[in-house]
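In: just to be clear, the model below is a prediction. Sequence and coordinates:
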Amino acid sequence: MKKRILTVAALSILGIAIAMISCNSNKSNNNAQQKSSGSTSKVDTVIISGMQFQPAQLTVSTGDTVIWINKDIVTHNVTDSLNAWTSGNIDIGNSWKSAPQKSFNYFCSIHPTMKGSVTVVNK
Amino acid sequence: MKALKSLTGWASGLMACAVMLSSTASAQNTPQLTDPEIASVAVTANQIDVNYGKIALRKTKNAEARQFAQTMINDHQNIIKQAVALAKKLGVTPKTNAVTQSLLKGEKEETAKLNKLKGEAFAKAYIDNEVAYHEAVINSVKTLLIPETQNAELKDLLVKVSPLLDHHLEMAKMAQAKIK
Ligand SMILES: [Cu+2]
């Protein structure tokens, strides 16, 4: 029994490692692509975990992509504080991307106590 | 008023039970609840809130109460799914116990009370109970369930559930302020 738990734990750690590696390679591919087109755009990540957007305050440059990854135990969303737009449901383990043109405050409309902001600065 | 009294009685009963169990546990230095029992308490506590939410969707047109109820149903069902999957993975079969039974008794009383109410009186009673219920469950999770859980993964799930319950309580209080 104990051995099985250890195996499961080892496998899930391995899974996380693989996910991280593939995530990083995606990221560098993206960067490479964007660099080849003459831009220095990058991908900024917001992790949704423990009922928080982490980081809650994020500053990015124009042209950057922001990706919200739901690592929490329930479904969340990213909704403009003025309700101008919403990501729709981001289920557990899923993510949502956006390339914001201007700064905004946002919240999770399912759990309105969860808030965040993205500040976009010109390069 | 009578109903409120019985609810408060039940909530404090649950807490007294929790306190009693945890103090006995520390006195004897052995857990009073086993992991299968904790799994049972966790699943039951979540299921009860799903059930209250379903009553609310059936009985109220109040938009605030309905939205809150739908979130409770979705979130607590999500937790149950993960708790059941984890228990299965760990080979833990949830086992009923005094805390589970006290939760079910409280649910039975509250359900009988809610079923008798209509309109705004129902919406108010539903949301008042959600505030009291989340307060009682948060207390049990933090003072009883987390400290007594042996398995690290089960403990981790309970630790992760804590901020969700805190947010639910905040949301319930916000809805409560709007439903009068
Ligand atoms: Cu949320």
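Out: That came through fine. Owing to the predicted nature of the structure, the values given are computational and were not obtained by experimental measurement. Residues are numbered from 1 along each chain as shown, chains lettered A, B, ... in the order given.
In: rest of the way, CA atoms for contacts and neighbours
Out: Will do.
In: element containing the spatially most central residue of chain B?
Out: Within chain B, one residue has its C-alpha closest to the average C-alpha position: by C-alpha atoms, centre = their mean, that is B:Ala45, at 3.8 Å. In this structure, B:Ala45 is located in helix B:35-59 according to DSSP states H and E.
In: what residues does that helix touch?
Out: B:65-66, B:69-70, B:72-74, B:76-77, B:79-80, B:83-84, B:87, B:92-97, B:99-100, B:103-104, B:107, B:111, B:115, B:118-119, B:122-123, B:126, B:130, B:137, B:145, B:149-151 (C-alpha atoms under 8 Å, 6 or more residues apart in numbering or on different chains).
In: for chain A, tell me which of those residues show up nearby.
Out: When C-alpha under 8 Å from any C-alpha of the partner chain is taken as the criterion, the members of the contacts of helix B:35-59 that contact chain A are B:Ile79.
In: which of the contacts of helix B:35-59 are buried?
Out: The neighbour-count criterion (16 or more other C-alpha atoms under 10 Å in any protein chain shown) marks B:65-66, B:69-70, B:72-73, B:76-77, B:79-80, B:83-84, B:87, B:92, B:94, B:99-100, B:103-104, B:107, B:111, B:122-123, B:126, B:130, B:137, B:145, B:149 among the contacts of helix B:35-59 as buried.
In: helices - which of those residues land there?
Out: With helices defined by DSSP state H, the entries of the buried ones among the contacts of helix B:35-59 inside them are B:65-66, B:69-70, B:72-73, B:76-77, B:79-80, B:83-84, B:87, B:99-100, B:103-104, B:107, B:111, B:122-123, B:126, B:130, B:137.
In: pull the contacting residues for the closest residue to B:Asn62 other than its chain neighbours.
Out: Excluding its sequence neighbours, the residue lying closest to B:Asn62 (C-alpha to C-alpha, 6 or more residues apart in numbering or on different chains) is B:Ala123, at 6.7 Å. Listed by C-alpha under 8 Å, 6+ apart, the contact partners of B:Ala123 are B:Ala56, B:Thr60, B:Asn62, B:Ala65, B:Ile179.
In: how near is the first one to B:Glu120?
Out: Remark: distance between B:Ala56 and B:Glu120 (C-alpha to C-alpha, to the nearest Å) = 11 Å.
In: break chain A down into its structural domains.
Out: A:1-39, A:43-121 (automatic domain parsing).
In: confidence-wise, which of those is weakest overall?
Out: Taking each of the domains of chain A in turn, the lowest mean pLDDT turns up on domain A:1-39, with a mean of 42.
In: return the helix or strand in chain B with minimum mean pLDDT.
Out: helix B:2-28 (a mean of 43; mean pLDDT, DSSP states H and E).
In: the closest residue to B:Asp75 other than its chain neighbours: neighbour count?
Out: On the basis of C-alpha to C-alpha, 6+ apart, the spatially nearest residue to B:Asp75 that is not a chain neighbour turns out to be A:Val74, at 5.7 Å. Per other C-alpha atoms under 10 Å in any protein chain shown, the neighbour tally for A:Val74 reads 23.
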